[in-house]
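A.B. asks: predicted model follows, preceded by the sequence.
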There are 2 protein chains.
Amino acid sequence: MNFLPLPQAQILENMARLAYFRDWHPAQLARLAPHARQFVIEKQQPLIRKGAHADALYVVVSGQLRLFIPLTSGGERVVALIGQGESFAESCLVLNEPCPFEVVACKDSHVLSIDALIFRQELQQSPSLTERMLRIVSTRLLTTLRDVETCAQRSSMQRVACFLLQHRPAPDAEVFEIKLSARKLDIAAKLGLTQETFSRMLGMLGKQGLIRVRGSLIQVRDAGQLARINANAADPGQTPLGQ
Amino acid sequence: MNFLPLPQAQILENMARLAYFRDWHPAQLARLAPHARQFVIEKQQPLIRKGAHADALYVVVSGQLRLFIPLTSGGERVVALIGQGESFAESCLVLNEPCPFEVVACKDSHVLSIDALIFRQELQQSPSLTERMLRIVSTRLLTTLRDVETCAQRSSMQRVACFLLQHRPAPDAEVFEIKLSARKLDIAAKLGLTQETFSRMLGMLGKQGLIRVRGSLIQVRDAGQLARINANAADPGQTPLGQ
DNA sequence: CGTGTCGTTGAGCGCTTTCAACCCTGGTGG
DNA sequence: CCACCAGGGTTGAAAGCGCTCAACGACACG
């Protein structure tokens, strides 16, 4: 985790370029930039440990971070994968609570940080910033609840179907493509599965012709049938008993 | 779901009495009260269906509500149990998104509702209210993440241990009591377990002397050992093979 | 005292995990 | 150009664990 000795002008420019800061008040950005830093974090290096206090608001400039809860088995339960232009740990910052998950870089990444004290100060003085944070945290809560729904599915086949259908561009789209934004290992961990099980389920769906997998590219060819897997507890991949 | 024909003065008084509205601006309460209603909802009756838009901010005056995701198996995955003086679905209200869970009364309950439009209006005009909502939603997100952590535990024994330790009053408290705030059925569903498994795990812990169960009262007698169950993947409840 | 709800206990099955080996792909260097 | 290597992904076999179904027990309520 090396800080980049960037001049403030550069930092401010980087911030202005990020979609995340779009339509923040320019004056606000100018106030925050002097307390912002940018740094590089190498693949597999930790950024925040579980239980630590978040001392800044972090925004990913490039790369990808993995938020996860470490399991006793040595495994991980991925809570979120944070990509370019996203922030995280906002709720911890707001409440000044310890971080409930670990944060590690999936790949070499650039991250921008805004000092917590300064940010809270700005928060108190800026209703529009507060409103923005309310929106962000609300969105994250709904996303998390959707993930909970996916993981709540009893069978692993249903979880995978649920996951695939989350990427449906429209409620009636029957065919569409998904570009996996992370290693299958991490996605499996986000679904509460092992990578082996995830792989098997994708294989099964492939054999049925419902999807087509080529590396990290998945083509869904029959979303309706996929949705039916989710609805029926029955697994149509196995012997069609009576159906 | 019967609306109570309460005079506005009564509604306002009820609101003022609720801890939830403590230190809201009196003027604010006065503005909202005319658009608030109070109603009774009977045990097992639905309040909001999954996918519906929340048309109001709801606050529980008495009783208990169950927020859950329906599973294809007919079961439920409880997301939260909302008791007196708590609100819910704030994030849906803020983003005007459909509700990701069902809401049903656990017991006969009194609920207060504030019209969504009016509430959003007030939200825009009142930075302090926005800040309050930000705190509430942030808290709910952290709570949800803690629940995710519990459910992420591989073995059911670990989940139960995790659940019990969530009620530890202090990090070093070795003995303490827990009063279950809901039916064991619902708590099990919140842990992602069946009530049978939940019962079995409590039974095992009881036989080991780590806890003592009397109805909905659980006395934890050795929190340290309980924490160790969580840390070690090994289940000390079974035959001590080799240990 | 009967009734209904909730909780407990028991037995068997199916699924996911675990552990293992193997494959595939991209990158590197001779 | 090919051999080699490392990381990620796939596939196979075996075993453990939680779910399901079913019956019983406990308790509150009318």
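C.D. replies: Perfect, thanks for sending it.
A.B. asks: which residues sit in contact with residue A:129?
C.D. replies: Neighbouring residues of residue A:129 by CB atoms under 8 Å, 6 or more residues apart in numbering or on different chains: A:24, A:28, A:122, A:123. (Each C-beta comes from the backbone N, C-alpha and C, glycine too.)
A.B. asks: likewise residue A:222?
C.D. replies: A:174, A:175, A:209, A:210.
A.B. asks: who wins for most neighbours among these?
C.D. replies: residue A:210 (21 neighbours; other CB atoms under 10 Å in any protein chain shown).
A.B. asks: okay but that one is in contact with residue A:226, surely?
C.D. replies: Yes. The pair residue A:210 / residue A:226 is scored as a contact, 5.7 Å apart, by CB atoms under 8 Å.
A.B. asks: of all the contacts of residue A:222, which comes closest to residue B:145?
C.D. replies: Proximity of these to residue B:145 (CB to CB) peaks at residue A:210, which lies at 32.5 Å.
A.B. asks: distance of that closest one relative to residue B:73?
C.D. replies: 21 Å (CB to CB, to the nearest Å).
A.B. asks: how about residue A:124?
C.D. replies: Residue A:124 is 48 Å from residue B:73, by CB to CB.
A.B. asks: about what we covered before: quick one: common contacting residues for residue A:210 and residue A:226?
C.D. replies: Shared contacts of residue A:210 and residue A:226 (CB under 8 Å, 6+ apart): residue A:220.
A.B. asks: circling back: farthest pair within the contacts of residue A:222?
C.D. replies: Using CB to CB, the two most remote members of the contacts of residue A:222 are A:174 and A:209, lying 13.1 Å apart.
A.B. asks: quick revisit: out of the contacts of residue A:222, which is nearest to residue A:183?
C.D. replies: Using CB to CB, those come closest to residue A:183 at residue A:210, 22.7 Å.
A.B. asks: now the closest one: how far from chain B?
C.D. replies: 17 Å (CB to the nearest CB, to the nearest Å).
A.B. asks: residue A:34 too?
C.D. replies: Taken as CB to the nearest CB, the span from residue A:34 to chain B is 24 Å.
A.B. asks: which bits of chain A sit near DNA strand D?
C.D. replies: Residues of chain A that fall close to DNA strand D, judged by CB under 7 Å from any atom of the strand: A:154, A:183-185, A:195-196, A:198-200, A:202-203, A:213, A:216.
A.B. asks: residue A:152 - nearest residue in space that isn't next to it in sequence?
C.D. replies: Nearest non-adjacent residue to residue A:152, counting by CB to CB, 6 or more residues apart in numbering or on different chains: residue B:77, 3.7 Å away.
A.B. asks: per-residue pLDDT, that neighbour?
C.D. replies: Note for residue B:77: predicted pLDDT of 97.
A.B. asks: wasn't it part of a helix?
C.D. replies: No. Applying DSSP: H, G, I helix; E, B strand; the rest coil, one finds residue B:77 to be strand, outside a helix.
A.B. asks: quickly list what it is bridged to.
C.D. replies: residue B:69 (DSSP bridges).
A.B. asks: go ahead and confirm it touches residue B:68.
C.D. replies: Yes. Using CB under 8 Å, residue B:77 and residue B:68 qualify as a contacting pair, with a distance of 5.9 Å.
A.B. asks: who touches both of those two?
C.D. replies: Common neighbours of residue B:77 and residue B:68 are listed as residue B:189 (criterion: CB under 8 Å, 6+ apart).
A.B. asks: so the residue most central in space within chain A, which of the three states?
C.D. replies: Centroid-nearest residue in chain A, with CA atoms, centre = their mean: residue A:81, separated by 2.9 Å. Classification of residue A:81 by three-state DSSP places it in strand.
A.B. asks: distance check, it against DNA strand C.
C.D. replies: Distance of residue A:81 to DNA strand C, given as CB to the nearest atom of the strand, to the nearest Å: 19 Å.
A.B. asks: likewise residue A:108?
C.D. replies: 13 Å.
A.B. asks: contacts (any at all) between DNA strand C and the helix ranked longest in chain A?
C.D. replies: Criterion DSSP state H: the longest helix present in chain A is helix A:127-152. No. Contact of helix A:127-152 with DNA strand C (CB under 7 Å from any atom of the strand) is absent, the minimum separation being 9.9 Å.
A.B. asks: name the residues of that helix that are buried.
C.D. replies: Using 16 or more other CB atoms under 10 Å in any protein chain shown as the test for burial, helix A:127-152 gives A:127, A:129-134, A:136-138, A:140-142, A:144-145, A:147-152.
A.B. asks: after that helix comes which helix or strand?
C.D. replies: Using DSSP states H and E, the next helix or strand after helix A:127-152 towards the C-terminus is helix A:156-166.
A.B. asks: got the contact list for that next one?
C.D. replies: Residues from elsewhere that reach helix A:156-166 (CB under 8 Å, 6+ apart): A:146, A:149-151, A:153, A:178, A:187, A:191-193, A:197-198, A:201-202, A:204-205, A:211, A:218, A:220, A:223, A:226-227, A:229-230, A:235, A:237, B:72.
A.B. asks: tell me where the model's unsure across chain A.
C.D. replies: Residues of chain A meeting the criterion pLDDT under 70: A:1, A:3-6, A:233-243.
A.B. asks: domain parsing for it?
C.D. replies: A:2-149, A:156-231 (automatic domain parsing).
A.B. asks: and the last one, how far out from the chain middle?
C.D. replies: A distance of 17 Å separates the C-alpha centroid of domain A:156-231 from that of its chain, computed with CA atoms, centre = their mean, to the nearest Å.
A.B. asks: and it, anywhere near DNA strand C?
C.D. replies: Yes. Residues of domain A:156-231 contacting DNA strand C under CB under 7 Å from any atom of the strand: A:156, A:157, A:192, A:193, A:194, A:196, A:197, A:200, A:215.
A.B. asks: pick the one among the residues you listed closest to residue B:108.
C.D. replies: residue A:192 (35.7 Å).
A.B. asks: for chain A, which segments count as helices?
C.D. replies: Taking DSSP H as the test, the helices found in chain A are A:8-17, A:26-32, A:90-95, A:116-125, A:127-152, A:156-166, A:184-190, A:195-207, A:223-231.
A.B. asks: what count of nearby residues applies to the closest residue in space to residue A:18 that isn't next to it in sequence?
C.D. replies: Spatial nearest neighbour of residue A:18, chain neighbours left out: residue A:85 (5.6 Å); criterion: CB to CB, 6+ apart. For residue A:85, the neighbour count with other CB under 10 Å is 15.
A.B. asks: residue A:85 against residue A:60, yeah?
C.D. replies: Yes. Using CB under 8 Å, residue A:85 is in contact with residue A:60, at 6.8 Å.
A.B. asks: enumerate the positions of stretch A:202-220 that are buried.
C.D. replies: Those would be A:202, A:204, A:205, A:206, A:210, A:211, A:213, A:218, A:220, for stretch A:202-220 by 16+ other CB under 10 Å.
A.B. asks: stretch A:39-55 too?
C.D. replies: Neighbour counts over stretch A:39-55 (16+ other CB under 10 Å) mark A:39, A:40, A:41, A:47, A:48, A:50, A:54 as buried.
A.B. asks: among the residues you listed, which one lies nearest to residue B:112?
C.D. replies: The closest of these, once distances to residue B:112 are taken by CB to CB, is residue A:54, at 34.5 Å.
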